[in-house]
Each structure stands twice: as structure tokens, then as C-alpha cells.
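1. Mind folding the following:
(2 chains)
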Amino acid sequence: MPENRKHSGMTIRRIVALVVLLTLASQAVLISIGMTYANSINRSMSVQRGGVVADQLQRNMTNRLNDVNNLLLVLQTPEFSDFFRQLMNLREPAYVAGERRKLLENLQALQISRQEVESIYFIGLNANQASYRMDVGSDRFVELPGLHSDVLDSSKVSNLFLRDHDQFVRYGKQELLDAYDPSSRLIEPSNKQAIDSFLAGIQDRLILTNSNQYSLLVVLVLNEQLFGMALPQERGIASYSVVNDRNRVLWTTASGAVPSPASCGPSQPCEGNGDPGVTSRELPAFHLHIVISSELAGRFAFRSRIWEGLLAVSFGTLVLASFISFFYMKKVFQPFRLISSKMKNKLKTNSNEMVLQPIPEKLIAKGFQAVSLRNKLILLFCITVSLPSALNGLWYAHFLNREVHHWAEQSAKMLGDFSVVGVAGQASFLENTANEISVSQQFQNYLTNNLTNHDRNFDALINLNMYPGLIDLSYFVLLDPFGTSLYSSIYSNNKDIFSVSPKYLEDRDDPYWVSDYEDIFNRVSVAVFRKIELDDRSDRVTYLLLVPKDSVFQIAESEQIRAGYAITDGKGLPVSSHNYAQDGGMSSPHRYDSAIPGTDWHIQFQYWFQDIVNQNRVYQQQYLLCILMVFLLAAGIAVWIASVMTKPIKQLKETMLAAGNEGFARQLHYEGSNEIAGIIVSYNHMIVQLQQTARENMQMMEENARTKIRENELLKMKMQAELNMLQAQINPHFLYNTLETINMQSMKRGHHEISRTVNALGDLLRYSIAKGAETALLDKELNHAANYLTIQKVRFGGSFEAEFDVPDELRQYHVLRFILQPLIENSIKHGFGGWDSGGKIVVSAALENGRLLIRVRDNGVGMDEMTLAKLRADLSDEPGEWAGAEDGREADPHGIGLRNVYLRLKLFYKGGMSMEIDSVLMRGTEIAMRIPVDAEGSGGLTA
Amino acid sequence: MRKAAVGTLAALTLALSACGSGGNNGNGGSATEAPSSSGASNSGGGEASQSAAPSSPQGTVTIRTNITEGELSKDQIAEFEAAHPNIKIEIETLDATKLSAELATDSAPDVIRLGGVFDLPSYVLRGIALDLTDRINNSSVIDAGDFAPVVDVFKFDGHTVGQGPIYGLPKDWSNDFAIFYNKKAFDAAGVPVPDPTKAMTWQEVMDLAKKLTIKDGNKTVQYGLAANEWGKTEPNFNNMLQYLLSANAQISNEDNTKVDFNIQPVKDYINMWVDAVKNNVGPNSLNNDQTSGGDLFLANKAAMIIDGYWYSGVIRGNADAQTHLDDYGMLPTPTAPGGTRVAPTGGATGAIINKSSKHPDEAWTFFEWFFGGKPADDRAKTGWGLPIFKSKMNLLPQETNFDKQVYNVLQDELQYSNQFLPVNPYLSGGGWGIFDKYVQPLYFGKSNIDEAVNGMTKDANVAVEEAVNSTK
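-> Residues are numbered from 1 along each chain as shown, chains lettered A, B, ... in the order given. Take a look at the predicted model:
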């Protein structure tokens, strides 16, 4: 019973282990698919998002820097530079003051943002020209006497500017000191002071200069947050830096070292270049790189959160699966255990007694247990493996989807935030362009006067290049106060179509946006208007109308991250949109709404994360495939286990059936230790016991039969002997008495020979009829043989002689009586038949291997080989057969005496004797008998 | 740079891209090739496009040059590249600042456009120019025997212009200090046009200019003289060198290591001009008229303009002028009072091959073609400058009366054009700015002539000293 329990326990444990293993494997596969998906989404989307962010940042930054660069360009136009070329240091102060006021007005009309530029240095060529600094926001200039381009040249400081002309740059104190050479004879003390003060003003500041050595030198001292303006307030964990060609960090949000942008080609993305966390973008026009370094911490947070969730569920599933399978299997194996124990119990209750009773067929309950083992196992695996896999898969999918969704929401917000900055920047860029054009007297003259009757294509191009903002325009128009077109940048021979309703023209000094402008292509578009007051004292005003291209507010997207947006103004009128799907389109986008700072606009973003959709599809497929495979595997394993388990049952059944049909029971060979094994072991045990019992019975019966036969034979022989004895008992007494009488008479008459013969005959008779022991001393037996010979010699007249060659010590051994006389009789009767003389009989004895060897040899006629063989065959016959022969068959004349002796020897000594006959025709015959000398009560020495 | 295009519109730029002279080019004024806003509408101030990054296929060599798009059209480039498939030509638009920056970092173009008169000696001294003597002598395209004397302006032995190895070629040239007249303005002032067979003195020009200047109250309705087509009617360093050449005077010593402005001809020249400025014979700093000389001249509001032969091309191309071409004509280059007649080139814009070019052979192939091949013929036929080959002189326009008048005067001038402005290679283009700095206060009476020439002498000697030291 304990062994049985152990077996059954093992099996359950194994199946439970298998279930757990399978669950573990399927969980591992599911988790690994999930994690692979999460990782791949995370990685690829982080890269994608990083790429789009970098692209957007590149746009924002380019836009922002272009804005500043345009300002630098505009400040070099005659509206600003003429003042400084006009030798103001030589002119009347009143005139200068007037001109300066105009210059200031022009500057203020530019509405320069202090967030971009903090101060502007205008440095004249030489002492004849004025040099001013204007701090943005201030309403006056700071004069800079002694500071001129030519002294900067002499002091070599301008070499720095020359190297970095039109580049955003920052000089440290040492760098300025290294470049600065105040030793030139052309530098007066007043100049030196001015230069020192100037250098102090730009030291460690972000600056941009045209480095012009031949005309007005303009130096913009920029707000430190200029680059930061390209970024939204919420910047996430990444750090952003701007690095120049010489790997100098101009600006960074990083606290530590800024990674190098590495070797990226022109405008080439640099992902995958060395550190995967570093993305960089080039700003080719400015020889700058944006370096974005995202720390990995963020990714891990994302990952570990998922890990925890998945692992927890997975562990729970495992525990549940093992419990369920354990109890389920217990239930499944209950009937087996029942049968097994029943069988065992029957056999074991009484080991000596076989109490075989049928097992009640109702032992196995109906219902659940009625289901086949295979189906039960399949059910088990379904419940513990496939079902949890499917459920967990669903749950993981849901969980991951939620995470990814969350991530996408964040990404949409992040991208949106960056894009909002870009849109706001673009709007302000266009406003600034309008401002810049509005102050450009020359530009307007150029448009209205010089160009109207010339082929303007070539020159217009030049001037468009001067105002890079115009590239973003579909077209621009100069309007009179009634909305009539004065000039249009396209279709100039048909400029009337550009006239607009006067309702758009507002009397305000800043640029303003109109959302419901219907452009010449009959599309409702957004447009910038800017009033321009002409500087010809005529009080005429004109209006500049800038119509941006559709793509003006374009935001960054990529193949995998599609972006759409819709901008509406304060009144809810559409301003611009791109790829914006009202109903969300095919797949639902992630949305993000934001106000656009600096405007009353509102923007709605839609982002489609294509990769998520694609990967999600792949994930779903993998997940389904996995579930399917788990199901198939589980079913397969269930079937396999069932077959492994039912195979011995089937064998057992067949064996049992065979046992029934053939009536021959076999053992079953089964390696294993389970419930089935228990049954089989019980069965085998039973079979062994049954077989052993049968064998014992058989042996007993055989033994009984053999005993019976022998008994019968002995009985028969005994009866024969007794009969003989009876016959002998009657005659010898009579003969003996007679012989005694003869002897007496002969002695009296002196017939000594007769007396001797009669005496021998008398002894012979006495020996023959002596009762009692079956054995006698060899001496007596020899004596008996001698008496017989004496008589036979008398009969046959001395035709033979006898010789006894027996050592005295052997004569004391007991031998079976009457074994020599029949053999001698045979020799005389058969060996010397018809002989007159010459016969010889030798009786000899010797000890040989602990047995007494007695030989009787004659030199008679012997036997031919056939006769000898027959005789020998007769001797080896079983007593029964011999007996049978006695009944019917013709006895061999030689055989009777021999047989008699042989059988008696055999009966008495059993296996301890042997008797051999050897005979050669005409040479004689020898009989050799070997009898034990130590047999109890037989051939041993007489005490 | 775009900014330069604008920045130079007003005063300093020479819109000479397409003209041969670029007479004042290369001195303190910006050496950009930006077009003026005046009639030089087909001048090639090509700022239009940034050249694309070179992406050379295997075996193809890209030759960069700052010769402008106006001087080298896309069609011409395509033609050249078709004939030389292993060479790509890339035009790089450079203003003076950018070129200086590139020279400083040794990243200047393979073929560098420059002014022969004012820039070449300095480039040779700075080791930028490749010696082309052998290439030119062995060329099958360029016939050195056919060179006009002006080509020698690209020869320099370290001391004297016109001697030693040849480093480059002018694409074309002009007698840049000649006078063009507008008869309509002369008529308006009731002044006859001077005899074009005789060279006036500069003083005579100034006097004539005063007569031609017409005032209506305080307002000038007609100027007598425009000093050039783009700027103010004021003296300048280059113009002074022509005056000194005629007066046979020198401001530099023998080896150009010292400069002295304090000589009488300089003072005479300055005094003469300051007087003209004060008399407002043209738009200047005093009257602060920003209108360009060329605009005034073509609009019949200036009677004379100082310009070389190339300006006839501008007149031919101007829609207004075309209606009365016969009113225009050229007068010989004026002389210093009592000086000899000279008609030197003030620019001779051309090119050298950058000594550090990685592909000097391919650069030469381009150079040879540009200066001696079809583009040379194309240039001569337009009349925008004089060819450097004597044999191509007859390609110049000779159809209209205007063409003929200009051509005839030119023949006379050519006899006086084998002398070069006495440029100090160490001062190079720096003379212009120094001259302006000290002359401008004179217009306003804020200085005197001695102070001015002393100041110039001081500044110029510092500049020369530095240049000498840096080229030692």
C-alpha cells in the first residue's frame, strides 16, 4: 500500500510538473512575445519619436535662427545701414538727431523680441561714422565713441568675427583676450576703452555678426534662451544641446557633458551612430548641430512597470495551474488507485490462501469518471495550460495596449508640444517678415516703382532671397487703402485679381492674421496683413498682404509617425490644416490639443503611430499563433500522456483476455511507477503466485505417481520372493534331512566323495533357506558359491575349474545374498555347455573408489555382440518393463539369472550399484558388480 | 551672402560683375558683385542660388570658382561640362568678407576671381596665386602673342607689376577712368560737348561739371558729374592713383615698404575734389543724395560719368537710353594738370588659380577655356568690356553711331593703356578706406588737408608694415 501511494503520487507530481512546465513555457513565450513587442515598440517608437522630435526641433530651431538671421540681414539694408554710412560724426547734431529718431522708429517697427535679441551693436567703419548700441526694448541708442570697424580690425578682434561670420557663436574671455592685440599704433586710448567695453559686452554671450569689414558691422547679442525657444516648456527627460562645428557647446539643457554629434552627413539623421541614446540634427546654414540625448532611465521605467505586471500575472497563473492540475489529477487517478488497491488487498490479506473475488464493476463512479482518460487529460491541459494562455494573452495584449496607448498619448503630447512651438514660431516668423518688409522703403520702392515696368524675375529672386520668409509664401501683394492691388509677386500682368475687400484692412501697426481670406485660387486661406506707412510725407498708406503656402505650418512627421493638424483662430475659423481627418480616418489617431502661444489660435493634432499599428498586428498574430500552438501542444501532450498511460492498461486488458482464452497467464513487463504500474504490479504479483502454486501442485502429483509405481513394483517383487521363499521353505527341509541321512550312510560306508558332495549340497541348502537378513558376509556368499561349484563339478565331471581370488579382509563385507551363485550357474550353463574340460571360472573382489568390485569371469564361449547388446539393454530396462517382459515376451536364456541379480541389486542398493557385462565370443564373459561398502545396513563391514 | 547684396546697394558696391573694368573694385569698397539697383539689370550679381553640395561621381573633379553667374552662365557651364565630362564647375557666391574668411582657412575656390590691378600683387605676395607662366606659354587655346598689353597687369615679380611670372588673366578690361557724356544734359545746360579727340585735365572736368550743374533754388535739378554708376561723386583712392600716374607721382617708395601721401599732387587732387563736392557737382555726402550716379546719368540728370568702355554696354542695354543713343558718347581719360595722357585699367577683373587647389590641371582646363575659349568671344561681342586679345578687338560692337563713336575714342585710348596704376601690393585694397576716412571730414570742414594726408600716411604705413611683416 505505501508503495502504491508513492507511485500514484509520483505520477500526479509528474503530470503537475508537466502542466506547470507547459504553463511556464507558454507564459514565457507569451511574456517574451509581449516584451519583445513592448521592447520593439519602445525601441522603434522611441527612435521614431526621437526622430520626429529631432526633425521638429530642427524645424523650430532653423525657423528661430532664420528669424534672427533675417533680422541681421534686414539691419544691413539701407533703412538701417545708411544712417551709419552717412558720416553722422561729421554732421550737424540736429540733423543727426532727426535721422536717429527715424532709425529708432524703423527699429521699433521691426518689433524685435527681447526673447530673441537683447542688444544690437551697430559699428561704423571709421571715426566718421557713428557706432551705437541699442538694447532691445529701450527707446534710445547708446553711443559708442571710439568703437569702429577699422580699430577692431587693427586690434585683430575682427579676425574672430571673420572666421565666424554669420554664425551663432560665443566667445569666452580667454578667447577674446587671445585674439585681442591692442598694440597697434592706430588704436588710441579712447579706442582701447571702447573696445574693452565692447568685448566685455559680448563676452560669454551668444552673438551673431555679419563681420563686415567694409561696411556696417552689426553684432547681435542674443538672448540666452534663444535656442530654448525652439523647445516647449515641457522637455521631458532628454537633454538638448546646440553644438557648433568646432564641437563647442553653445547652449545646452544638460547638466553634464554633451555627447558629440559624431560624424553625421549633411542633414543626415545620426541615429544608430554610436550611442543609441543620442540623436543629432544638422543646421547646415549655421554650421550647428542639435544634439538630443535621451537618458535610458525613461525606457527602463516603462519596461519595469510592464515586467512587474506580466510577471505577477504569470506567477499567479502558474500557482493556479499547479493547484488545479494537482487536484484534478488526483481525481482522475482515483479509480486507478481504487482498482489497484483492491487487487493488492485481495492478494495480500492472506498470503497462504488465494481469495480471488471479482472487483465490483460499479466501483468506478459514473459522471466525470465516465469520460475517457485521454479526454480528461485534454480537458486538464485545456484548463490549466491553453485557457490561461489565452486569457493571459488577452490580458497581456490589453495591458500592453494600454501601456502603448499611454505611451502614444504621451508621445502625441510631446510631439504636439514641439510642433506648437514650431507653429507659433512660424507664425511669428511670418509676422516678423511682414514687419521687416514694412520698414523696407527700398523694398517697397523696388516693388512699386522700379520693377513695375521691368522684367523683374531675376531681381525679384534676389530680393526674395533677402527675405527668406517669402519662400514660405504662396504670394504676396501690396495693396492701397482701398484694397486695390498695386503689386503682386505672381501673375503681375493680371494684378487686379489680387485686390481684396477693404474689410480686411485694419488700421493697426502690428501684423495681423485674417483667417477667411479667399485667395486667388478661390481657397479660403489664412493671410497676414501689415499696414505700411510710406515715408514720402504723403501720408499714404499701403498694405502688405502675405499669403502663406499651405505647407507653411507644416510639422514634422515620419513614415511611421503620421501627423495631422488643424489650426483654428479665436473665432473658430479654420486657419490651416494638414492631413486632418474629421472622423479620424481609418485608424483612430491620438489627439492632442493646445493653444498656440502668442496667438489666439488653437491647434488640434492627430498622430498616427503607424508602427504601433503594424507591430500590434504582428503581435496579435504572434499571440494567436502562440495560443494555437500552446493549445496544440497541450492537446498533443495530453494525447501522448493518455496513450502512454493507457497503453499498459490496454496491454493489461489484452493479457487478461488472453489469459482467459488460452488459459495461460503471462506477466506484463512495464517500466514505470504509476497507478497503472500499481495495477500491473498487483496483477503480476497475482500471476506469479498463481503460477507458483500450479507448479507445486504438479510436482506433488508427479511425485505421488512415481511413488505409487515403485511401491507396486516392490510389492510385486516381494510377493514373488515370498512365493519363492515359500516354495523353498517346503523343499529344503525335506531335502536337507534327506541329505543328512545320505551323508551318514556314505560316511559309514566310506564313500567320502559322496559324503563331501552331500555335505556341500547340505550347506548350500542351509544357506539358501536361512531366513532373516537379506545380506550376508561376502565370505558366506563365497562359501555358498563354492558349495554350488562342488556340486556342479560332481555333475559335470570336472570339466571346469573354479578359482576364488578374494582377499581375506574383503570377505568381511556384507553383500546381498545369492548374487554369485546365479552368475556362476550362468557360466557353467551357457559358457561351458558341451565342454569336457578346460573351463575356468574366476571370482575376484577388490575395493575400488570406496565400492566393492566383484567380478565373475569365465573363459567360456561368450556372446556375440548382438546378444551382448540385447543383454545390456535388458539390464538397463526399468523394472516395470522388465516385469512386462516377464509376462509375455520371450526371455533371454542368458538373461534370467543376470536380470535377477541385477534387479535385486538395484532394488536393494538403488543408484549405488552398477553391473556391467563384458563378453567376447569364444573368449569368455565377465560380469562386474559394484556395490557400496558404506551403505548402511548393506555392504559395510560387519561390526 | 544676401545681406551683402543689399548692404552694398547704396554706396560701396561696384556692379561690375559683367563689366570688364570693375574699375574701383577691390579697394575699400566691397568687392562684391552685387548688382546695383540701376540699369545694370542684366549684370550677373547672381546671388540667386546657393550652389549645391558637390557629389562627384567616380573620377569627376569639381572645380569651385567665385566667378559670378553673370559672368559665367549656366549654359556656358553646361557646354564646358559636356566637353569635359570629368570636370564639374561649381559657382560659389562670395562677398569680400566670405572670401577673406575662406582665404584665412585655406578653403578658397580653385579658381579665384579678383581684380587684376588692386588684388593680384597682394595675392602673389601672400602665396595664394599659382604661377601660370608655363601653362599659358604652352597653351593651344590661349595665344600669348595675341595678348593686349593690359594682360601684363597679372605679371608680378614681387616689386613691379607687369614684370615677372604671370599668375592669371583678366577676363576683360576697360579704360576705367574715361568719361561718358549725355548730350541731353549738356544741351540743358547750354554747354557744348568737349572734343573727344583730346583728353581734358581733371580740373577741366570739374570746371565743366560745375557749369553743367543746374540748380532750382536750393534744389539741384541736374548734376554735372557722376563719379561712377553706383555711388557718390566723391574722390577715391583708385581714381587718385590714375591722377598720380598721369602726374608721374608716387606715394610709395621703391620697394613699397613706405607710403607718403604728403606730396603736392595728392593734395592737389584732394583739394580739387573737395571743391567739387562742396559745389555739389554730383550726389555726395554733403547733399546726402542717395540716388546712384548711373541712375542720374541715364535719366539725363547727370551730364557726365566717370567710367570705362564697358559702360557703353550699360547704355546700349538701357531702355531709356536706347531711344536716344546718339546723345551718348565717350571722352578720353582725363589727365592731371600738366600730366601725361594715360588710360590705365582700374580693375582688369580676372582670375587666378588657387595655389592650394587640389586639381590644378582641371582648374587650368577650365581657366583656359574661360579666358581663351568661346566665353572670351561671347564677352567681346557684347561690348561689356574689352577683350584681352588684340585679335578679338574687332568683335566689339561697331554698328550704331554710338558704337562707332565709342570705338573710335577707344582706339585712341588704347595707345595710352599700357601703363598700370602704381598700386602698392602691401596696401592693396586697403588704400580706399584710409583715403575715405581722412577725406570725408574735409567735406564738412572738420579737418584740413595736411591733417588728412598725415593721417593717411600714418594709417597706410601701419597697414603696409603689417603686410610686409606678415609676408616676410
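2. which one is B:Tyr309 nearest to, not counting chain neighbours?
-> B:Ser174 (4.4 Å; C-beta to C-beta, 6 or more residues apart in numbering or on different chains). For every residue, glycine as well, the C-beta is placed using N, CA and C.
3. quick one, helices of the stretch 351-472 of chain B?
-> B:360-372, B:374-382, B:401-414, B:430-443, B:449-471 (DSSP state H, counting those that start in this stretch).
4. Quick one: closest of these to A:Gly146.
-> helix B:430-443 (14.2 Å; C-beta to C-beta).
5. And the residue nearest to B:Tyr309, what's its pLDDT?
-> Turning to B:Ser174, the model gives it a pLDDT of 93.
6. Equivalent analysis for A:Asn731, please.
-> 62.
7. what does B:Leu286 give?
-> pLDDT at B:Leu286 comes out at 90.
8. Could you pull up the contacting residues of the closest residue to it other than its chain neighbours?
-> The spatial neighbour of B:Leu286 that comes closest, neighbours along the chain excluded (C-beta to C-beta, 6+ apart), is B:Tyr443 at 5.2 Å. Applying C-beta atoms under 8 Å, 6 or more residues apart in numbering or on different chains, we find B:Tyr443 in contact with A:90, B:234, B:274, B:277-278, B:284-286.
9. Which one (most neighbours) among these?
-> B:Val277 (24 neighbours; other C-beta atoms under 10 Å in any protein chain shown).
10. so that residue sits right up against B:Glu234, yeah?
-> Yes. Between B:Val277 and B:Glu234 there is a contact under C-beta atoms under 8 Å: 5.8 Å.
11. Quick check: B:Asn239 vs B:Gln322, distance?
-> According to C-beta to C-beta, to the nearest Å, B:Asn239 stands 29 Å off from B:Gln322.
12. The two - which one has more neighbours?
-> Neighbour count, other C-beta under 10 Å: between B:Asn239 and B:Gln322, B:Asn239 has more, with 23 against 12.
13. Pull the contacting residues for the more buried one.
-> Applying C-beta under 8 Å, 6+ apart, the residues contacting B:Asn239 are B:24, B:177, B:227, B:306, B:346.
14. Spell out the secondary structure type for the last one.
-> Reducing the assignment to helix, strand or coil with DSSP: H, G, I helix; E, B strand; the rest coil, the entry for B:Gly346 is coil.
15. Next, give phi and psi for the residue nearest to B:Tyr309.
-> Dihedral pair for B:Ser174: phi -150, psi 160, per degrees, to the nearest 10.
16. which of the contacts of B:Asn239 tops the neighbour count?
-> Counting by other C-beta under 10 Å, top hit in the contacts of B:Asn239: B:Gly346 with 35 neighbours.
17. if I read this right, that residue contacts B:Phe420, doesn't it?
-> No. B:Gly346 is beyond contact range of B:Phe420, at 10.0 Å (criterion: C-beta under 8 Å).
18. Please tell me how far the residue of the stretch 51-200 of chain B found nearest chain A sits from A:Val157.
-> Using C-beta to the nearest C-beta, the closest approach of the stretch 51-200 of chain B to chain A is made by B:Ala101 at 5.0 Å. For B:Ala101, the distance to A:Val157 equals 15 Å [C-beta to C-beta].
19. again, but for A:Gln615
-> Using C-beta to C-beta, which is the criterion applied here, A:Gln615 is 57 Å from A:Val157.
20. Spell out which helix or strand contains A:Arg710, please.
-> For A:Arg710, the host element (DSSP states H and E) is helix A:675-749.
21. quick one, phi/psi of the residue nearest to B:Asp255 when sequence neighbours are not counted?
-> Distance criterion C-beta to C-beta, 6+ apart; nearest residue to B:Asp255, sequence neighbours excluded, is B:His159 at 6.3 Å. Main-chain torsions, B:His159, degrees, to the nearest 10: phi -130, psi -50.
22. Thank you, goodbye.
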